[in-house]
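Visitor: Sequence and computational prediction follow.
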Amino acid sequence: MCSNSQAQSATGTQSLTAGVHHLGLSVEDVKQSAQFFCDVLQFKQVGEKSDYPAIFISDGIVMLTLWQTQEQPVSFNRQQNVGLHHFALKVADEATLLDLHQRLQRHPQVEIEFSPELLGENPIKHMMCLIPGGIRMELIAMLEQ
């Protein structure tokens, strides 16, 4: 278990990593999932590997690698499976979070798990949804103080 808010290695120095380079997600329909990220969240496609198949998309900060599942997919159950529980993306502000919430509510392939709400006693609002491809996505906005 890490002892301070700043991660420390076994030698007591600062963490040897510097954030997430990319996140690989296995999805049921790679083209549909990429289209969702590009159309709804304004990601850009930055690559493709058609023989795998995989599509690489980015918001300019984080890159997502969307991999096509090859067999009948099994939905994730946090109480039974090891794997990605969800991933969270930061948004610019509360207004952007509320706008995205409205867009996602209208999207026929998105299931809202919960609408924007405070995250405990923190100055943060967040929401959770299930997006095309069967992945849980959280959106987070820091509130102005």
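Guide: Thanks, I have it.
Visitor: who touches the helix or strand bottoming out on mean pLDDT in the chain?
Guide: Taking mean pLDDT, DSSP states H and E as the measure, the helix or strand of the chain with the lowest value is strand 22-27, at a mean of 91. Applying C-beta atoms under 8 Å, 6 or more residues apart in numbering, the external contacts of strand 22-27 come out as 33, 56, 62-69, 73, 84, 87, 132-135. In short, each C-beta sits where N, CA and C put it, glycine included.
Visitor: Next, the contact list for the residue positioned nearest the centre of the chain, please.
Guide: Ranked by distance to the mean C-alpha position of the chain (C-alpha atoms, centre = their mean), the top residue is Phe87 at 3.6 Å. The neighbourhood of Phe87, defined by C-beta under 8 Å, 6+ apart, consists of Leu23, Leu25, Ile135, Arg136, Met137, Glu138.
Visitor: Would you confirm that Val62 contacts Val20?
Guide: Yes. Using C-beta atoms under 8 Å as the test, Val62 is close enough to Val20 to be in contact (6.1 Å).
Visitor: before we move on, back to that, what does the residue nearest to the centre of the chain show for phi and psi?
Guide: The phi/psi pair for Phe87 (degrees, to the nearest 10) reads phi -130, psi 150.
Visitor: And Cys38, by the same measure?
Guide: Given degrees, to the nearest 10, the pair of backbone angles that Cys38 has is phi -70, psi -40.
Visitor: what about it, neighbour count?
Guide: Applying other C-beta atoms under 10 Å, we find 14 other residues in the vicinity of Cys38.
Visitor: Quick check: Phe87 vs Lys44, distance?
Guide: For Phe87, the distance to Lys44 under the criterion C-beta to C-beta, to the nearest Å works out to 18 Å.
Visitor: quick revisit: only whichever of the contacts of Phe87 are buried, select them in PyMOL.
Guide: Buried members of those can be picked out in PyMOL with the line below, counting by 16 or more other C-beta atoms under 10 Å:
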select buried, resi 25+135+136+137+138
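Visitor: List just the nearest of the contacts of Phe87 to Glu111.
Guide: The closest of those to Glu111 turns out to be Arg136 (C-beta to C-beta; 9.5 Å).
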